[in-house]
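**Student:** sequence below, structure please.
(one chain, ligands or ions: 1)
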Amino acid sequence: MSVDELYREVILDHFQNPRNKGHLKTCDFHEKGENPLCGDSIDLYFIFDNDIIKDIKFEGNGCSISQASVSMMTEAIKGKPIKEIKAIIELFKEMMLEDKINPFKDNFDLEDLGALEGVKNYPVRIKCALLAWNTLSELFKKIAEKKP
Ligand code: ZN
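**Tutor:** Next up, the predicted model:
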């Protein structure tokens, strides 16, 4: 199996068997994200324990890239502190928007994220891959603004 095929399998697996999909009845934060260009939409629900994302769930509709990406993101950030998550967001955006090669390769915990690197070759789909991550950044911005 080539690397491309392997990555396609990882994306398909997250699309067909999404991680952390569902609703949190009581949550600390809810953030909605949309990508009208493709018709993707997601809702993220968070439970925080101080600065750690204790639980996260998502609901969503859209293309396989956007839905696989949000599934991967929830898996990558659950149980981690905001500071660490911000660093992961940066690495992911650099991989998708700059010439940086897959920084997640030897990171067992975040390995799946690297499967989206190939999306770079399809510029119209980059927004699909980034939707979940931009929505998360938006939430962090709001949280930071609320703090004195
Ligand atoms: Zn899309």
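
**Student:** strands along this protein, start to end?
**Tutor:** 29-35, 40-49, 52-61 (DSSP state E).

**Student:** quick one: the second one near the ion?
**Tutor:** Yes: using CB under 5 Å from the ion as the criterion, contacts between strand 40-49 and the ion involve Asp40. Glycine gets a C-beta too; all of them are placed from N, C-alpha and C.

**Student:** who does that strand touch, helix- and strand-wise?
**Tutor:** Helices and strands touching strand 40-49, by 3 or more CB pairs under 8 Å, 6 or more residues apart in numbering; DSSP states H and E, are strand 29-35, strand 52-61, helix 64-77, helix 123-146.

**Student:** which positions within it qualify as buried?
**Tutor:** Residues 40-46, 48 are the ones in strand 40-49 that count as buried (16 or more other CB atoms under 10 Å).

**Student:** give me the number of residues near Asn17?
**Tutor:** 9 (other CB atoms under 10 Å).

**Student:** ok, Thr74 next?
**Tutor:** That count, for Thr74 with other CB under 10 Å as the rule, works out to 24.

**Student:** do the same with Asp106
**Tutor:** The burial count for Asp106: 9, using other CB under 10 Å.

**Student:** quick one: pLDDT of it?
**Tutor:** pLDDT recorded at Asp106 is 87.

**Student:** could you shift the numbering so residue one becomes 184, and keep it that way?
**Tutor:** Fine by me, first position is 184 from now on; the one you just mentioned is Asp289.

**Student:** for it, what are phi and psi?
**Tutor:** Dihedral pair for Asp289: phi -100, psi 20, per degrees, to the nearest 10.
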